[in-house]
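Peer 1: Okay, predicted coordinates and the sequence, questions at the end:
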Amino acid sequence: EKTNKDSLLIPKEILLGKFNPATDTNFILIPEHMASNKSMYCHRETFQAYLAMRDSALRDGITLTIVSATRNFDRQKQIWDHKWNSYSRDTACRVRNEQNDSSQTSADIYKVRSIMRYSSMPGTSRHHWGTDLDFISVEPEDWTHGEGLRIYNWLCANAHKFGFFQPYTADPARTGYAEERWHWSYAPLSKPYLEAYRQKITAEDISGFSGSYLVDSLGIIQSHVLGISE
């Protein structure tokens, strides 16, 4: 496992997702038969750990298909912009009226909090690092019964053997995103990446998209980047 000293060597560009994984030699293209989409990448070390876990799961009749892996800043911005723009002007007006607040800021805060139940601001996602993988489905209801629940129970019992943990659990003491049973993180890499983020990144580093002016006042780094289960 990497040390805190190693975390100081991680570039800010990687932490913020401002790079292209297709041209970074630390990243590897995930084979199509293991993923739901083409052209998905993850860190080489993460991929080797995933392969071992995937093989073990297959022996138990479970296929851990990757539905999302590395998402750089530009990809996260596309997702963010789509969700931001999906909130109509009528919604913004209703929020302002309900809160008896005529400012645009109150509507923007509503948007940010709604989007960030499950989606990250660009520059704040663990998926920037190549250390985190989403399996099977990102629909919460798919994980509460049947095959999804069986897969989740397998991951809870076995993922730690391969270095993976669930960062967004139902733990009420945790802050940030809602529970994500599909999201698993490779700790030997993601822990030093998180420590590097804690040391190097401030609210001023997170910009270039709608609502970014709220990062500091809403405490997004503390609540959503650092608010994980360990």
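Peer 2: Perfect, I can see it now. Numbers count the residues shown, from 1 in each chain.

Peer 1: Just the strands from the protein, written as ranges.
Peer 2: For the chain, the strands defined by DSSP state E cover 27-29, 41-43, 66-68, 132-135, 164-165, 183-186.

Peer 1: Which other helices and strands does the shortest one contact?
Peer 2: This points to strand 164-165. strand 183-186 (3 or more Cβ pairs under 8 Å, 6 or more residues apart in numbering; DSSP states H and E). For the C-beta atoms, the positions are set from N, CA and C on the backbone; glycine is no exception.

Peer 1: How about stretch 15-34, which residues are buried there?
Peer 2: Along stretch 15-34, these residues count as buried under the neighbour rule (16 or more other Cβ atoms under 10 Å): 15-19, 21, 24, 27-28, 30, 34.

Peer 1: Would you mind giving these as TSV with pLDDT and distance to S223 added?
Peer 2: Below are the buried residues of stretch 15-34 laid out as TSV (pLDDT from 0 to 100; distance: Cβ to Cβ, whole Å):
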residue	pLDDT	distance to S223
L15	98	17
L16	98	18
G17	98	19
K18	98	22
F19	97	25
P21	97	27
D24	96	29
F27	97	28
I28	98	32
I30	98	30
M34	98	33
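
Peer 1: what about the biggest helix by length in the chain, distance to the chain center?
Peer 2: Taking DSSP state H as the criterion, the chain has its longest helix at helix 44-59. Distance of helix 44-59 from its chain centroid, counting by Cα atoms, centre = their mean, to the nearest Å, is 19 Å.

Peer 1: Now do it, average pLDDT.
Peer 2: Mean pLDDT, helix 44-59: 98.

Peer 1: For stretch 44-56, give me every contacting residue.
Peer 2: Residues from elsewhere that reach stretch 44-56 (Cβ atoms under 8 Å, 6 or more residues apart in numbering): 26-28, 30, 34, 42, 63-64, 66, 130-133, 158-159, 161-164, 186, 188-189.

Peer 1: and if you look at stretch 116-124?
Peer 2: Defining contact as Cβ under 8 Å, 6+ apart, one finds that stretch 116-124 is touched by 16-18, 73-74, 76-77, 79-80, 83, 112, 126-127, 138, 176-178, 180, 201, 205-209, 211-212, 215, 220-221, 224-225.
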